[in-house]
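>>> Task: produce atomic coordinates for the following.
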Amino acid sequence: MLVLVATGAMPCAAQQPVAQPTDDLRKQLEQLKQQYDATTRDLQQRIAALEQQIEREKEDSEKQKEVSEKTREGTVSAVELAAQQAVKNAALGQSNEVGAKFQGQLPSEPTYDLLREADEKIVNLQQQVQSFEFHGYFRSGYGLNSDGGQQVAFQAPGADAKYRLGNEAETYGEFIFVNNWLNPEQNTDKAWIKTEVMIEANTSNSASYANFPNGIGNDQFRLREAFVRAGHIFESQPDAKFWAGERYYRRQHIEIDDFYPLDMSGYGAGAEDVNVGIGKLAVAFLAGARPDIVTQNGNYAKSNIDVRLYDLRGPAGLWAAWFDFATAKGGTAQNGSTLPAGTAFPTVNGYAFGLRHQRLEWHGGYHAFSIQYGKGAASNFSTSLDNPNPYLTHSERLLIAEHLLLQANDRFAVMPIFLFERKRDGQPGHGFNDWASFGARPEIFLNKYLSLAFEAGFDHTEGFVTTANGNTQFDGWLRKFTVAPQIGAGRKFFSRPVLRLFVTYANWSNGFRGLVGGIPFEDRTSGLTYGVQTETWW
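Just a heads-up that it's a prediction; the model follows:
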């Protein structure tokens, strides 16, 4: 290019007169240099301008790509949010407008502000999900009796529990919803507050949607827990917890017969896991009421002060002591009560206490033993109320319970149990009801997922039971045996979920004739059932 410029600006040297003065040549040279410099500057400016333009277009292209990606992501979030809102509106019937029903809160195309708001809502939703917990338990299945009717359960009259395996004829579930308000990360060195709600469901396995006359066999739902609990409030007591509401309160449970030696669940408030040096302390106010019994004071109610000292290190494990004081205000039954109007009953107080011993991590399992005694209003070891009567102050109960789990390897596990209970309601002419029970559930693990479970149980009861025909005396025994091949989630006794086939056989003494097995076996002393069941908790 420079050659062309120079050629066009200067005549060929061969055409110049030889005698031309030197000054003219110098002037032409200076002009050529000036043109060269001017042309060079112009080209450099044009090159710089082109480079800047290319750089700007590159930056604009990257920005457009970034905006496009953000817009696409935001659009997806907005569409998801809109879809969720549309489902909500359609389900709740909150809008009859087509646009609101199918587009949710986005009646126009998404703008930057709307997309940003949608993204923020998604982030908030993710944070909320992190603070939420879902726990629960359920069992379900179906069985038949040997006569072809629906499965029945075998339980001795006067016994407070039955052996469970292949002997549960219902679907039962507990669904727990927990939200962490202060500390969703559950850091152990920070304060936390949780709300917990539990819905209990119970069906008779009559139909997948039970809706029968008079409610017979229909599904039942109850609110069993609704409480708030807080912890790590005081640095000096990092393990202490405070609670109020309705809850399952520190229950003691025996798995294979689903028996609770101590169950003070109910309504109230308290503190637990308070470090007192030698162990931990729990104190609670717990109460219950009978809306079907109304006095001049209102609904008949019982209040309890429950005190427990536990995790006491002693010989051969951990020890615990328990004390409960209960009082139920007396009065006169009013119209609308299940008791005849005008029936008077006194205020009843009572007390209960117990001792518990545990060995944890023992032979691959654990061992637990408890003995407890209660009198008067506290004799049932519960917040529930017995029917009031002038003799309730004389009621009493003694309960001894022992159970253990042994699993020395991943091929075999067994849980044996023993129970003895003696109780009376205090009414004249009513003696003691005695219940003795022992049984075991061994499990053989064939591989990681297959196992074979057996369960054998023996109950002996003596006393009386209230039936439609009045008080019926009884004295006898019941034996129950079940075999159940299983598919489970591991090689442990408590591995869940589990799917079972089962066959259950039971027989009982002649003294129990008509009191065990319901209508199919009312004139017999033995019975057989079979079926399927699944059980899980999480």
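
>>> Enumerate every residue touching Ala368.
Gln252, Arg356, His357, Gln358, Arg359, Ala401, Glu402, His403, Leu404 (C-beta atoms under 8 Å, 6 or more residues apart in numbering). Quick note: C-beta positions are derived from backbone N, CA and C, even for glycine.

>>> Can you name the residues bridging to it?
For Ala368, the beta-bridge partners are Gln358, His403 (DSSP bridges).

>>> Please apply the same query to the one 4 residues further on.
The residues listed as beta-bridge partners of Gln372 by DSSP bridges are Gly354, Leu399.

>>> Asp475 too?
Beta-bridge pairing for Asp475 (DSSP bridges): Glu462.

>>> For it, give me its contacts.
Going by C-beta under 8 Å, 6+ apart, Asp475 touches Thr461, Glu462, Gly463, Gly511.

>>> Does the second one touch Trp477 like I think?
Okay, so that is Glu462. No: Glu462 lies out of contact with Trp477 (C-beta atoms under 8 Å); the separation is 9.7 Å.

>>> Just the buried ones from the contacts of Ala368?
Among those, those classed as buried by 16 or more other C-beta atoms under 10 Å are Gln252, Arg356, His357, Gln358, Ala401, Glu402, His403, Leu404.

>>> Contacts only, for the closest residue to the first one other than its chain neighbours.
Nearest non-adjacent residue to Gln252, counting by C-beta to C-beta, 6 or more residues apart in numbering: Leu262, 4.5 Å away. Listed by C-beta under 8 Å, 6+ apart, the contact set of Leu262 reads Arg250, Arg251, Gln252, Trp322, Gly354, Ser370, Gln372, Phe381.

>>> Just the buried ones from those residues?
Buried subset of these (neighbour count, 16+ other C-beta under 10 Å): Arg250, Gln252, Trp322, Gly354, Ser370, Gln372, Phe381.

>>> which SSE is the fifth one in?
Per DSSP states H and E, Ser370 falls inside strand 365-376.

>>> average pLDDT across that strand?
When pLDDT is averaged along strand 365-376, the result is 97.

>>> Specify the local secondary structure of the spatially most central residue of the chain.
The centroid of the chain falls nearest to His135 when counting by C-alpha atoms, centre = their mean (2.0 Å). Secondary structure, DSSP: H, G, I helix; E, B strand; the rest coil: His135 is strand.

>>> What segments of the stretch 201-350 of the chain are strands?
Here the stretch 201-350 of the chain has its strands, by DSSP state E, counting those that start in this stretch, at 220-231, 241-247, 252-254, 259-262, 266-275, 280-295, 298-314, 317-328, 331-332, 344-345, 348-362.

>>> Which strands or helices does the third one pack on?
This means strand 252-254. Here strand 252-254 touches strand 259-262, strand 396-405, going by 3 or more C-beta pairs under 8 Å, 6 or more residues apart in numbering; DSSP states H and E.

>>> Need phi/psi at Leu43.
Backbone torsions for Leu43, taken as degrees, to the nearest 10, come to phi -60, psi -40.

>>> ok, now the one 10 residues further on?
Note on Gln53: its backbone torsions stand at phi -60, psi -40 [degrees, to the nearest 10].

>>> OK, contacts around it?
By C-beta under 8 Å, 6+ apart, the contact list for Gln53 is empty.

>>> What score does it have for pLDDT?
At Gln53, the model reports a pLDDT of 78.

>>> Also the one 4 residues further on?
In this prediction, Glu57 carries a pLDDT score of 75.

>>> Distance of it relative to Gln44?
For Glu57, the distance to Gln44 (C-beta to C-beta, to the nearest Å) stands at 20 Å.

>>> ok so Ala378 is a helix residue?
No: looking at Ala378 with three-state DSSP, it is coil, so not inside a helix.

>>> residue contacts, it?
Shown in contact with Ala378 (C-beta under 8 Å, 6+ apart): Asn304, Asp324, Phe325, Ala326, Gly350, Tyr351, Ala352.
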